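Undergrad: for reference, the sequence and a predicted model appear below.
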Amino acid sequence: MSSELMADEIAGPRRPRPTVSPWVGFALRRAGGLLVSVLVLVVVTFLIIQLIPGDPALAVAGPDASAADVERVRTELGLDLPLWQQFADYVGGLLRGDLGNSFTWGVPVSTILANRLPFTISIALVAMAIVLVVAVPLGMAVSVLTRGGRRKPLDLGFGVVTGFLSSVPGYVIATLLVVVFAITLGIVPPAYSSQAGFASFPLPIIALAIGPACTVARVVRREMSAVLEQDYIRTARGWRLRPSRIYLRYALPNLLTTTLTLSGLILAGMFGGTIVIESVFAWPGLGSGVIAGILNRDYPVIQGIVLVIGLLATAVNLVVDIALALIDPRSLGGSNDSL
Amino acid sequence: MTVSEVVAVPGRRFRWTAGLVAGLVGMGLVVLTAIVAPFFLSDAANALTSQANLPPSAEHWLGTDRFGRDMLARSLVSTRLTLIMTVLAIIISVGAGILVGTTIWMAPRRVREAGLRAIDIAVSYPSLLLTLVIAAILGPGTTSAVLAIGVAGIPTFARLTSNLAASVTRNDYVSTARLMGVSPMRVIVRHLLPNMAESLLVLGATSFAIVLVELSGLSFIGLGVQVPDYDFGALLASSLATIYTQPFQLVGPAGMIIITGLSAMLIGDGIAAAVDPKAGARSIPAPGDNAGSRPVRTDVLVDVENLRVRGANGKALVDGISFTVNRGEILGIVGESGSGKSLTAMALAKLLPENLVATAHSLGVDGIDLLGDVAPTTLAKSIGLIYQDPSSTFNPALRVGPQLTEVLRAHLGFTRRSARTRIASGLTAVHLRDPERLMRQHPHQLSGGMRQRAMIASALAADPVLMIADEPTTALDVTVQAEILREFSAINTGRSTGMIFISHDMGVVGALCHRVIVMRSGAIVEELSGDALREGRAQHPYTRQLIAATPRLHAAETIEVTQ
């Protein structure tokens, strides 16, 4: 998640497709896409155990397990049943909210998810909010101030700083933040602790936000510069409107589509990106849960967390598509390409 | 011809930027380190000594780790494994991605649609999700990390390639090749790949940085390289364990990740900028010097004397022209693209792009001196503007009504409601039906002719003394052209509004204008009356050439707009 170039390309072109009744078509297409996405997620998480090379039961039981232990694990997990029956049991369990029990912690996976989900969602959403509040005005301001080749030093400085910060990985930024603010200055705790309360939150949030903020600021700046060259901006200048009105009323709405699409990708990425950041701060969220799961071969935990992160990304995509359709009715015909 | 098109962009050539050079030098050093370091530094990097957790010193520049191994040596030696892993992962992502992305475009339509849809779904999920799935299946380790990151990157690259292929396959030569029965594989190799090479190179460099960061991240959280091997991420993770007591141990691995990632990013951005014809440095010209200026004449509506427009390079795009427009007169300005006619109009409207500057001995409208600062309201009330392409002059994101009423509300103190009423009657006057409904629509819901009529109504709302119309009919088809010209004619007779009408179409100008000036290369070559033009009494060879170049599609009969 470090180059606006990639994010931009992924956002891709939008193919208009005429439909008789735009909202009905949109809803149907969207519901269909949703169904397929959820189905794919369920199948993929189900397959995690099935695709383990060699004997899954042996892998789950561990290399030191006796033959009897391996067989016990096999029956416990139902790995001796036919594949279709295992899948039916898995789906049935999901529908009842039963994702199995953690091998390591001995508690239901649903409980683990319920405890960890708020920690991940809270820092991801706050980080995203900070990204938008900082990056969009910053990108617009730099574009306006440097238009037509003015203020070369600002132009260069913005490019260097955002380019540098967006290419430094979040976990390196997180580590440096810990050294400076937690260890050297001692103003915030270096890792999560329940006693510290909200003092634990700033560092992971900042670590999550810096890279994406720079990426968004660069994209907004480039888009804004392109918008300012458009004929309709000249028209607005011809009406002799105040500059603030031209930028906010006439330019900003034309940035929203790109910004929203990019933000959706970034937010969905953050639900995954927290995984690495969480490990720096011992953050009790989904990320550190899934890492522990993989290291402990705790497959029900892995399945549950991967499923939930996937569903979160699906939800973000859905919200972005609906928002895009509301902002720009033209996108109803073809819908956002992300689904 | 929009104003921005007139301003020439520098030609397409490869530009070496400081960033690109720095990136190449940095990456060169990193690669050199990867090759050389393990030969010389392996002992210092791997041998266990009793000198554990030493701070930086002359002997150990970055100190030692808890087993007494030199951190600088370890950071440098780890470069080889890190780069090899990154390159392997990229080969998987890029190779499979390009294969999928290009073959999709060669597949039958249904397969292609389904494939694109599948890729769309895949890229809307964070790639880390697939990475986790693969890491969970294969267990932690070097090979599984490379596979996990490589495979997780395939959808992204497939999407990027298919986007590129989409734009390339639209080219005629590709469809021609396919129609001629050239095999799909050959089309991919001969036509698609060479035309995507530049973009793929940029993406390759950019994704190198991304893959490096992701792989190191995987090692950092313990799912990648395992002890006793180490890459940047694993080194960073082990130094995190001693962050309280030995924070300097972070410097080596963190520094190597930053330097390598930054170099790759600089190369990607540098290549992208180097091949982008629009990326040239733009500079603003020195402010104009209006030496020799005189007061604006008030006996004519428009008073232009010795108007020059020049760009940052000092080249004169309009080279000292002088003309006047009388009250109630329609002046036509004709000339080919690049003759300076639009720039003349934009200078008069004070709407030149920022990289152009205008100077004159006199530049005035209705007694207002345009060389100095003019209150926005005065300008908005005096000059109405109509542009060439009605599809781009309205803001696509806003409804038509708020845009049309903008001048009335911003400058004439109208309320939203009264402005709408005024514009509604204006829209009726230019023969648009159901103005209320029209104002609630978005620009893209109107036809070109409707938009141009709406633009005229908006320009007339403030009752300006001068209308500047910059090729207002060029983007319209012929029948609509004639109707719009009739509107202009009616405005001129009904309101005695002065008008500057810019066109390259001699027939249109001859039918509408009282007087015509012919421009070429920024200068006026001939001035003649509308009657003279219609009767074929043009003197200058260039004017005659222009007349000869105008297609005579019964222009005189179709465009019956004589005054």
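TA: Arrived safely.
Undergrad: so what's the predicted local confidence for the residue nearest to the spatial centre of chain A?
TA: For chain A, the residue sitting closest to the mean C-alpha position, by Cα atoms, centre = their mean, is residue A:268 at 2.0 Å. Turning to residue A:268, the model gives it a pLDDT of 87.
Undergrad: any idea how far residue B:339 is from it?
TA: 52 Å (Cβ to Cβ, to the nearest Å). Just so you know, the C-beta spots here come from the backbone N, C-alpha and C atoms, and that holds for glycine as well.
Undergrad: number of residues surrounding residue B:43?
TA: Counted with other Cβ atoms under 10 Å in any protein chain shown, residues neighbouring residue B:43 total 11.
Undergrad: give the contact list for residue B:130.
TA: Residue B:130 is in contact with B:148, B:151-152, B:155, counting by Cβ atoms under 8 Å, 6 or more residues apart in numbering or on different chains.
Undergrad: so which of the residues you listed wins on neighbours?
TA: Of all those, residue B:148 has the most neighbours under the rule other Cβ under 10 Å, reaching 30 neighbours.
Undergrad: which strands or helices does the helix or strand containing that residue pack on?
TA: Residue B:148 is part of helix B:142-152 when elements are defined by DSSP states H and E. For helix B:142-152, the contact count by 3 or more Cβ pairs under 8 Å, 6 or more residues apart in numbering or on different chains; DSSP states H and E identifies helix B:71-106, helix B:127-138, helix B:193-220 as packing neighbours.
Undergrad: relative to helix B:193-220, how tilted is the shortest one?
TA: Right, the one you point to is helix B:127-138. 60 degrees (axes from the mean of the first three to the mean of the last three Cα atoms, to 10 degrees).
Undergrad: run the chain-centre distance for helix B:127-138.
TA: Relative to its chain's centre, helix B:127-138 lies at 37 Å (Cα atoms, centre = their mean, to the nearest Å).
Undergrad: same deal with the longest one?
TA: Average the C-alpha atoms of helix B:71-106, do the same for its chain, and the two points are 31 Å apart (Cα atoms, centre = their mean).
Undergrad: go on, stretch A:266-278?
TA: Per Cα atoms, centre = their mean, the centroid offset for stretch A:266-278 relative to its chain is 5 Å.
Undergrad: stretch A:106-126 too?
TA: Offset of stretch A:106-126 from its chain centre (Cα atoms, centre = their mean): 15 Å.
Undergrad: again with stretch B:294-304
TA: 39 Å.
Undergrad: now the terminal residues of it, how far apart.
TA: In stretch B:294-304, first residue to last residue: 11 Å (Cα to Cα, to the nearest Å).
Undergrad: that one: which residues count as buried?
TA: Buried residues in stretch B:294-304, counted by 16 or more other Cβ atoms under 10 Å in any protein chain shown: B:296, B:300-304.
Undergrad: same question for stretch B:17-24.
TA: For stretch B:17-24, by 16+ other Cβ under 10 Å, it's B:17, B:19-20, B:23-24.
Undergrad: ok, stretch A:228-242 next?
TA: Quick answer for stretch A:228-242 (16+ other Cβ under 10 Å): A:228-241.
Undergrad: and stretch B:492-502, by the same measure?
TA: Those would be B:492, B:497-502, for stretch B:492-502 by 16+ other Cβ under 10 Å.
Undergrad: just the ones of those residues in strands?
TA: Members of the buried residues of stretch B:492-502 lying in strands (criterion: DSSP state E): B:498-502.
Undergrad: which helices and strands does the one helix or strand the residue nearest to the centre of chain A maps to pack with?
TA: Per DSSP H and E, residue A:268 falls inside helix A:253-281. When contacts are defined as 3+ Cβ pairs under 8 Å, 6+ apart, helix A:253-281 packs onto helix A:4-11, helix A:109-145, helix A:170-177, helix A:202-228, helix A:286-295, helix A:299-327, helix B:127-138, helix B:193-220.
Undergrad: dump the helices and strands packed on helix B:142-152 to JSON lines, plus mean pLDDT.
TA: JSON lines is the format used below for the helices and strands packed on helix B:142-152 (pLDDT from 0 to 100):
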{"stretch": "helix B:71-106", "mean pLDDT": "91"}
{"stretch": "helix B:127-138", "mean pLDDT": "89"}
{"stretch": "helix B:193-220", "mean pLDDT": "84"}
